[in-house]
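Peer 1: Got a sequence here, can you build the structure:
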Amino acid sequence: MLLVLVVVSLVLLTDYFGESADSPLHSVQRGIVAVLSPVQEGASRVLAPVRDVANWVSGTLRAKTQRDQLQREVNALNARVAQLASQRIQNAQLTRELGLDQSIGAATYHPIGAAVISRDPSLWYQQVEVDRGSDDGVALNDPVLADGGLVGDVTTLNGSSAVVTLITDHSWAAAAEVLAGSGESGLLEPAVGSPNRMVLSELPSGASISVGQQVVTAGFTDPNHAGQGSLYPPGIPIGKVSDASQNGLVNQQQVKVAPLADLRRFESVQILTKPYAGQERAQAP
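Peer 2: As a prediction, this is how the structure comes out:
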């Protein structure tokens, strides 16, 4: 049967192409086309909406696939941008810590690097937890540096972690002095009602202090370690004078200080595990 059909097809094709335009086969072709053309046109119009719907569905699915792919690429790029931004911030913080190593000789106090592992949202300016503890040589009251300055001291401790109370906590205070000029010293405490500001008080009324001067630890004797000298080594940067009005100096013997460290955003710290090493002086506030 297949062979017969092939032979018949070849014969018809040969006759079709060999005959003139007026041959019977050409006439039959034109008749079939004339009859079926309106049917084809009508069917095309009837099926056009179906074809359009099919094309729309196909295009929508293809667009959805492309959208999902682009969204995945955007998410990956956003994650990379966030990672790079975090690395940039951390690099800047570590650079400032390196500057401290070089400026105050922090290596003398055997610093241990640690990472911040938790912050209490209700205690932004009071405490952070770090991933080093007594097993690493950390002790209570060890000073903690970060982001270019002193940020607090260790107040709670276990084997693998420690809680650092920040310098802006209401319980914190330390003797501090203003560099340059006469080097006036006083007691540095958090400002009441302003958790990201501090006040250096008990200054002489005639002190010559101006905005922008650096404030550093002065050192004082810790009653619990009377024979070991200062709890905070002298010379550690804490902040800069942000307001030194004559009225505040004359009437209240105080100036306002802005901390050097961004106390809400630092991610790494240095813990001075031997704060009394190499210290030659201690000063009471």
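
Peer 1: Other residues contacting stretch 234-248?
Peer 2: Stretch 234-248 is contacted from outside by 100, 103-104, 143, 145, 148-150, 167, 174, 176, 178, 188, 197-198, 200, 209-219, 254-260, 279, 281, 283, using Cβ atoms under 8 Å, 6 or more residues apart in numbering. Where you see a C-beta, it was placed from the backbone N, CA and C, and this is true even at glycine.

Peer 1: redo that, cut-off 7 Å
Peer 2: 104, 143, 145, 148-150, 167, 176, 178, 188, 198, 209-219, 254-260, 281 (Cβ atoms under 7 Å, 6 or more residues apart in numbering).

Peer 1: Pull the distance from it to the chain's centre.
Peer 2: Averaging C-alpha positions (Cα atoms, centre = their mean, to the nearest Å) puts stretch 234-248 29 Å from its chain's average.

Peer 1: if we can go back for a sec, of the contacts of stretch 234-248, which belong to strands?
Peer 2: If you go by DSSP state E, the contacts of stretch 234-248 have 143, 145, 149-150, 176, 178, 188, 198, 214-217, 255-259 in strands.

Peer 1: hmm, back to that, just the buried ones out of the contacts of stretch 234-248, please.
Peer 2: 104, 143, 145, 148-150, 167, 176, 178, 188, 198, 209, 213-219, 254-257, 259-260 (16 or more other Cβ atoms under 10 Å).

Peer 1: How much space separates residue 122 from residue 209?
Peer 2: Distance, residue 122 to residue 209, using Cβ to Cβ, to the nearest Å: 35 Å.

Peer 1: Please disregard the earlier target; I meant residue 2.
Peer 2: 109 Å.

Peer 1: Give me the residue ranges of the chain where confidence is low.
Peer 2: For the chain, the stretches with pLDDT under 70 are 11-37, 39-44, 46-47, 82-106, 181-182, 220-230, 277-285.

Peer 1: Mind jotting down where the strands sit in it?
Peer 2: Going by DSSP E, the chain shows strands at 111-119, 127-130, 143-146, 149-157, 162-166, 174-178, 185-191, 194-201, 214-217, 237-243, 255-259, 268-272.

Peer 1: would you turn these into TSV with distance to residue 67?
Peer 2: Converted to TSV, those look like this (distance: least, Cβ to Cβ, whole Å):
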stretch	distance to residue 67
strand 111-119	37
strand 127-130	41
strand 143-146	43
strand 149-157	46
strand 162-166	46
strand 174-178	57
strand 185-191	51
strand 194-201	43
strand 214-217	54
strand 237-243	50
strand 255-259	47
strand 268-272	39
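
Peer 1: out of the ones you listed, which comes closest to residue 137?
Peer 2: Residue 137 sits nearest to strand 111-119 of all the strands of the chain, at 6.3 Å, using Cβ to Cβ.

Peer 1: Give me the domain ranges for the protein.
Peer 2: Split into domains by automatic domain parsing, the chain comes to 24-104, 111-272.

Peer 1: ok, and which of these has the densest surroundings?
Peer 2: Ranked by mean neighbour count, the domains of the chain are led by domain 111-272 with a mean of 18 (mean count of other Cβ atoms under 10 Å).

Peer 1: okay, how far is it across it, tip to tip?
Peer 2: End-to-end span of domain 111-272 (Cα to Cα, to the nearest Å): 4 Å.

Peer 1: these two touch, right, residue 268 and residue 113?
Peer 2: Yes. The pair residue 268 / residue 113 is scored as a contact, 6.5 Å apart, by Cβ atoms under 7 Å.
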